[in-house]
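> okay, structure incoming, though there's no sequence with it:
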RNA sequence: GGAGAUAUGGCAGAGUGGUCGAAUGCGGUAGUCUUGAAAACUAUUGUGCGGCAACGUACCGGGGGUUCGAAUCCCUCUAUCUCCGCCA
């Protein structure tokens, strides 16, 4: 969430910037400033009372020690009314505090000044395009047909075992998954990321830390018995490694990568868009996460973009990079770049990666800080990106690399699949 | 799942009602000494909130209670450890 200090000092600028996200923060923020002012007044008042009580208590102690119990008992009465007062102030203080928190949770991250204006995905800015969009043979098929014919993925079997959106990968289809995961992890390691294997279920606190909670619990599966959530992305457990951490500045940057399955409920979308691998409830993803000194976070973002470009080029897929417009930007992101690959047989672009800088928004929730040059604690910046999400990559690989003799595996991937064709 | 024990600063570890934000040791930082380093010595060294600051205030696993006053007493939750059971 946004830092209260920042809102106190720059509320006009913040309201203006939030408009890029099509978020009207005027009312909430003025309410916030009001509550904050009241809260500080109460604290000052209460601190003075507490000070008084502490002083008196000490005196009582001393009096008892020197045997003057009558005087001590007289003082006791004095603290009675003080305590009533203190309790009252304490109550209104915590009430104000929770009201403030509640409002802060409702305000999205401030978009970077560089974020383009716009309301819908159509307004996203294509900033880069690479790779030939190849001519496919006349009888080119979409991936769900290819997957069925080649017996790579069994969607119906998944329906039987669990439900729609939980496919079963078989034979070379399963091996292709494993190959991609290993390929992505190796590439991330080469780029300096340390691999971790985090839990796939997280507690409530972790959900708050990265911004899935409150309000967005609908996207997550919830194990109510133990109040755990199935992770929608490795971002959640991996970023929460740094919850409540003060890192040494020489430990910057922190670069982690993790392969995990991801679970998304994603209710409410039907039809062609969710066909085959386009949208699943369970899918595999390799995530990259960075914790950075604020000075370097945008450099790190560029580096992450380069990393993902490299992956797509090695997979020989035509892709483009979009800079998300304000309206399409996520709640917690300051800026986001989406990577899309072209699905030849479906004749559309599929999102395969999303790279974001959250600046201090998550760090503030996580209390992820470092000591700056002046010795003060300061919030770090967090970033993450998919590198990459598997299903749509698989879809694009099948569709784009289909030939009359089967599916051709890109050269970079053959050492991992140990086969060069699927037929 | 059953029984018992424990939870204190970066770490180890004292502290069982007031003078405790907390002894001591290790570690960190700065300095003295040294050509330099080590050793030794000296000082300093948690976090949040309010305040320009002085300073005030809160925090001893979390929450609640008793008390004029709680790290210390009571209740409760959670985590860890040991033993038993079960299991991969």
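Good, I have the coordinates. This one's a predicted model, so the numbers in the text were calculated from it and none came from an experiment.
> from now on I want contacts and neighbour counts done on CA atoms only, so please keep to that.
Fine.
> make sure I have this right: residue A:27 is in a helix.
Yes - with DSSP: H, G, I helix; E, B strand; the rest coil as the criterion, residue A:27 is part of a helix.
> got phi/psi on whichever residue of the stretch 251-400 of chain A sits closest to RNA strand B?
For the stretch 251-400 of chain A, the nearest residue to RNA strand B under the criterion CA to the nearest atom of the strand is residue A:377, separated by 4.8 Å. As for residue A:377, its main-chain torsions (degrees, to the nearest 10) stand at phi -80, psi 140.
> run a quick neighbour tally on the residue nearest to residue A:316 when sequence neighbours are not counted.
Using CA to CA, 6 or more residues apart in numbering and skipping residues adjacent in sequence, the residue nearest residue A:316 is residue A:410, 6.4 Å away. Neighbours of residue A:410 under the rule other CA atoms under 10 Å: 18.
> verify the stated contact: residue A:410 with residue A:317.
No - taking contacts as CA atoms under 8 Å, residue A:410 lies outside contact range of residue A:317: 9.2 Å.
> related to what we said a few turns ago, spit out the contact partners of the residue nearest to residue A:316.
Residue A:410 sits next to A:314, A:315, A:316, A:420 when contact means CA atoms under 8 Å, 6 or more residues apart in numbering.
> separation between the residue of the stretch 251-400 of chain A closest to RNA strand B and residue A:4?
Between residue A:377 and residue A:4 the distance is 16 Å, computed by CA to CA, to the nearest Å.
> quick one, which of the two is more surrounded?
Using other CA under 10 Å as the criterion, residue A:377 and residue A:4 rank with residue A:4 on top: 17 against 14.
> tell me the phi and psi of that one?
Residue torsions, per degrees, to the nearest 10, at residue A:4 are phi -60, psi -40.
> low-confidence regions, the stretch 101-250 of chain A specifically.
By pLDDT under 70, the low-scoring segments of the stretch 101-250 of chain A are A:137.
> which residue ranges of it form strands?
Secondary structure of the stretch 101-250 of chain A (DSSP state E, counting those that start in this stretch): strands at A:125-130, A:153-154, A:168-169, A:194-195, A:201-202, A:222-223, A:228-230, A:246-247.
> point out the most buried one among the ones you listed.
strand A:153-154 (a mean of 22; mean count of other CA atoms under 10 Å).
> need the contact partners of it.
A:147, A:148, A:167, A:168, A:169, A:170, A:173, A:174.
> residues touching whatever residue of the stretch 201-350 of chain A ends up closest to RNA strand B, list them.
The stretch 201-350 of chain A approaches RNA strand B most closely through residue A:246 (7.8 Å), counting by CA to the nearest atom of the strand. Residues near residue A:246 by CA under 8 Å, 6+ apart: A:368, A:369, A:370, A:371, A:377.
> pLDDT on stretch A:28-40, on average?
For stretch A:28-40, mean pLDDT rounds to 92.
> now check it, is it near RNA strand B?
Yes - residues of stretch A:28-40 contacting RNA strand B under CA under 7 Å from any atom of the strand: residue A:40.
> pull the residues that contact that stretch.
Here stretch A:28-40 makes contact (CA under 8 Å, 6+ apart) with A:7, A:8, A:11, A:15, A:93, A:96, A:97, A:99, A:100, A:103.
> please name the nearest non-neighbouring residue to the third one.
Computed as CA to CA, 6+ apart, the closest residue to residue A:11 that is not its neighbour in sequence is residue A:29, at 7.2 Å.
> cool, the second one as well?
Counting by CA to CA, 6+ apart, residue A:33 is the residue found nearest to residue A:8 once chain neighbours are left out, at 6.4 Å.
> okay, now that neighbour: neighbour count?
Under the neighbour criterion other CA under 10 Å, residue A:33 is assigned a count of 17.
> that one: which element?
Using DSSP states H and E, the element containing residue A:33 is helix A:26-65.
> and that helix, what's buried?
A:26, A:28-30, A:32-33, A:35-36, A:39, A:42-43, A:46, A:49-50, A:53, A:56-57, A:60, A:63 (16 or more other CA atoms under 10 Å).
> could you do stretch A:373-385 as well?
A:378, A:379, A:380, A:381, A:382, A:383, A:384, A:385.
> in the sheet, who's paired with the second one?
When you say that, I think you mean residue A:379. Beta-bridge partners of residue A:379, counted by DSSP bridges, are residue A:369.
> show me the contacts for it.
Residue A:379 neighbours (CA under 8 Å, 6+ apart): A:360, A:363, A:364, A:367, A:368, A:369, A:370.
> of all the contacts of strand A:153-154, which two lie farthest apart?
A:148 and A:174 (13.3 Å; CA to CA).
> can you check which residues contact both of those two?
By CA under 8 Å, 6+ apart, residue A:148 and residue A:174 have no common neighbours.
> for residue A:351, what is the enclosing helix or strand?
Assigned by DSSP H and E, residue A:351 falls in strand A:348-359.
> after that strand comes which helix or strand?
Heading C-terminal from strand A:348-359 (DSSP H and E), you reach helix A:361-366.
> now that following helix: average pLDDT?
Regarding helix A:361-366, the rounded mean pLDDT is 91.
> ranges for the helices of the stretch 201-350 of chain A?
A:204-210, A:235-239, A:297-314 (DSSP state H, counting those that start in this stretch).
> show residues contacting the second one.
Under the contact criterion CA under 8 Å, 6+ apart, helix A:235-239 has outside partners A:196, A:198-200, A:202, A:206-207, A:209-210, A:231, A:256, A:258, A:287, A:289, A:382, A:384.
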